[in-house]
Every structure is written in structure tokens, then in C-alpha cells.
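Sequence first, then the predicted structure:
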Amino acid sequence: MVVGAGPYGLSIAAHLNSRGIEHRIFGTPMASWLNHMPKFMLLKSAGFASNLSAPTGDYSIRSYCLRNGIGYDDHDIPVALATFTDYALDFQRKYVPDIDQRSVTSIALRDGGFTLQLDGDERIHARRVVLAVGITHFDHVPAVLGRQTGHFVSHSSAHHDLSRFVDSDVTIIGAGTSALDLAAGLHDAGAKVRLVVRGPAIRFYSSAPSADVLSSGRRIRRIRSGLGDGLKSWLYCEVPQLFRYLPAWKRLDIVRHHLGPASPGYLRPITQKAAVFTGHEIESATIRDGRVHLSLQDRTGKPLPISTDYVIAATGYRVDLRRLRFMDADLRNRIRTAGPMPILSPNFESSVPGLYFTGLAAAGSFGPLLRFVHGTEFAARRITAHITKSGRHDVEVREIT
């Protein structure tokens, strides 16, 4: 049973199909990408690192773009969100044609396996479950804003369409690609935009120089990978299985801080069009008279009051299994964790036999690679190989009457 139909769920289901392994996959294909990302967004990952994992043939985003006359380059042409979702849905139609688009409302242990309840109260039993829930349940809003979440304060994932913000004053919290993407989109939509950044500056990255102009030492330091430039990123891509052997505290620290807030160079112009407040923290947030009143503080302790129509927290995602409310409490409590993340075997299996995690939830065991689409190849092949080796009967799926 595969729960989730984003890049990881579709890739795993494609591999299971290719091996003739009985399974079902639940979820609306690419729902988070279609409904919770700004529709004008460009992917942070390079083209060559934005492929779903096809079990056979060349079904890369490169081949999709070439077939459809879409401009493409492995490194130098950013991939538009619409191009990526169209590619993923084309992949789904080819490799995973049968998807049950109902939601899984609960998962519990039963009879040596798992009982899943679906919308409409149908229940089914499966011996193995792969949770490929992506980022859907893990949007992070700082506690000082979380108490006010609603119409006036929201997470960036709530805004696929920005038309409601026309002629509004909008304050964005964050300094990464999501924050600057939103700022650019809001400015183009006619909003007055303000960026509040905790760090001393907004960081930008650009394409690596040509290898022939770099010394051998600099070439190693600037080596390209699916996570960007640098030896560390290259290692996280090439040997994610070794990441598990680091101490738990080190793994969590790397996942949280590697590739911290930074944006591609083409977003730099928005910093000249929006008001930018670097080196500021939010001390408090209250809603009065139909506006959000923020109290900021700089690094010297100097206060700065701001009144704004809306606040959007472009503050990323953090895994916390307690937020997977569809999981039965007894099942959730049986999962060994390092901090808030599940501890997984080399095959992505949790401490509950037959329960697998992938995508962002697996990053605590396999590293930053699993935060990105580039990790689908490693995860899909590793999980499918383990299920195949364990025996096809172990993925039995049956309805409960």
C-alpha cells in the first residue's frame, strides 16, 4: 500500500508495477505541487535533478521537454512548476495509471499488518504500507505566529493563487526561495511587499563556473550534484546509505541546516522592489482592527513595530510524526524516532515491521537528498527491492468486510 501520489509515491508505485507486485496507491496525483505551490514558481533543483524514477526507459524531464518542444537545459534553464507537474502527470499516466484518489483517514495495526480506513468508511488490510506523504503535513510556522494562524497569518503553502492579495500590504517571513518567489509574485500582482529576514543578509547562489577555469582543488569544492555545488552535497547525493551511520544529533543538524535559506540569482531584483528588513526577529504578533501588528527586534534589541494586512510565513517544513493525525496513536508510539523523525533501516523500514517512510520524513536517516525530488531514484529502488526480496505475499491487499 502506497499512501501519497507525489513524486515519491508515483516513483515507488511505478517500480512496484514493473515488478508485478500487488499494491494500491492512494492520493490525488501531485496534489501538493498543484495546489500548494505558487503557480508561477520555478523549481530550485536543476533540470537533471528533477526526475521521477522510471523503472524502464528514458522518462526524464529532459526527454519530456524535448518531446513537447519545451526549452530545457540540465543546469542553466530553471524548470517551471507547470512544466514539472505536467511531466509528473504524464509519468503517472504511463507508469501508474490506476490510482485511488480517496484519502486515507486512519492507519492502525491489526492482524499482523495494517488496517487503513478510507473516505467513505471503506476499510482495507495490507501487510506493508509505504508512507509517501511528502511535505503536506509538515508546514512550519514559528510559534510566535502560530497562535494567530488563520485568515491574516498563513504558511506559504496555502497560496497557489495570489490574486486575493491585490492592493494589499503583505509581510513575508523568510529568506529562502519560497519567500522571494512569493515576494516577486505578490509584487507582480500589485501588492506592497515586505520581507523580514532573521539573518544579516539574503543569500543568493548562481551557476558554477566552467570547470576549465577552476583549479583542481576548487573543482572538488565546486563539484556539481543534484543538491547543488559542493563536496558535501555531492556526498549526500552519492552515498546516502552512509548518512545513517552518523550520530543522530549530527544527522538532524545537517538535515536542518544544510542548504539553508538561499535563492537563485534571478530572484535578486525583487530585493530592490520590496522593503527588506534583515537581522530582525518577531517578538510578538497580534490582530487588531483587521490588521496584523508585528513587533520586531533587531540584534541590538531595538524594537520596530509593523502594521500589515497579511503575514505569510515562508519558513519551510519540519517533520513531526505527531502531525500525522491519520496514524493511530498506538502505531505512532511504536515508531522509534531520533528527535521528531523516524529511525529507518537501510531499506526505509521503520521499527514497526512493514511500515516504510520516504521523502522528507526519511531525511533524518538518509540525509538532505530525501528533501528533494532527486531522492526518488534511491528511495524507489531501495524500497521496491526490499519488498520484492521479502516475498510478494507480504504486500497482500484485501478489503475488510
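Perfect, I can see it now.

Secondary structure of Ser295: a strand, I assume?
Yes. Under DSSP: H, G, I helix; E, B strand; the rest coil, Ser295 falls within a strand.

hang on, Ser157 packs against Trp33?
No. With contacts defined as Cβ atoms under 8 Å, Ser157 does not count as touching Trp33, sitting 10.5 Å away. (Each C-beta comes from the backbone N, C-alpha and C, glycine too.)

Any idea how many residues pack against the nearest residue to Ala108 once chain neighbours are set aside?
Leaving aside its sequence neighbours, Ala108 sits nearest to Asp328 (Cβ to Cβ, 6 or more residues apart in numbering; 3.7 Å). If you count neighbours by other Cβ atoms under 10 Å, Asp328 ends up with 16.

Tell me the spacing between Asp328 and Ile107.
Distance check for Asp328 against Ile107: by Cβ to Cβ, to the nearest Å, it reads 6 Å.

Same question for Phe138.
From Phe138 to Ile107 the distance is 17 Å (Cβ to Cβ).

now do Leu81
30 Å.

repeat for Val130
In terms of Cβ to Cβ, Val130 sits 11 Å off from Ile107.

out of these two, which sits in the more crowded spot?
Shown here are Val130 and Ile107; by other Cβ under 10 Å, Val130 has more neighbours (30 against 22).

Mind listing the residues bridging to that one?
Val2, Tyr356 (DSSP bridges).

what's the answer for Ile282, then?
Applying DSSP bridges, one finds that Ile282 bridges with Leu296.

Burial check on it, number of neighbours?
Considering only other Cβ under 10 Å, Ile282 is surrounded by 20 other residues.

and if you look at Asn17?
Asn17 has 17 neighbours, counted by other Cβ under 10 Å.

Tell me which residues touch it, please.
Applying Cβ atoms under 8 Å, 6 or more residues apart in numbering to Asn17 gives the contacts 23, 55, 95-96.

same thing with Leu321?
Contacts of Leu321 (Cβ under 8 Å, 6+ apart): 327, 332, 335, 337, 340-342, 361.

tell me the phi and psi of the nearest residue to Arg244 once chain neighbours are set aside?
Spatial nearest neighbour of Arg244, chain neighbours left out: Ser365 (5.3 Å); criterion: Cβ to Cβ, 6+ apart. Per-residue torsions, Ser365: phi -100, psi -30 (degrees, to the nearest 10).

16 is where my numbering starts, stick with that
Renumbered: residue one is now 16, and that last one reads Ser380.
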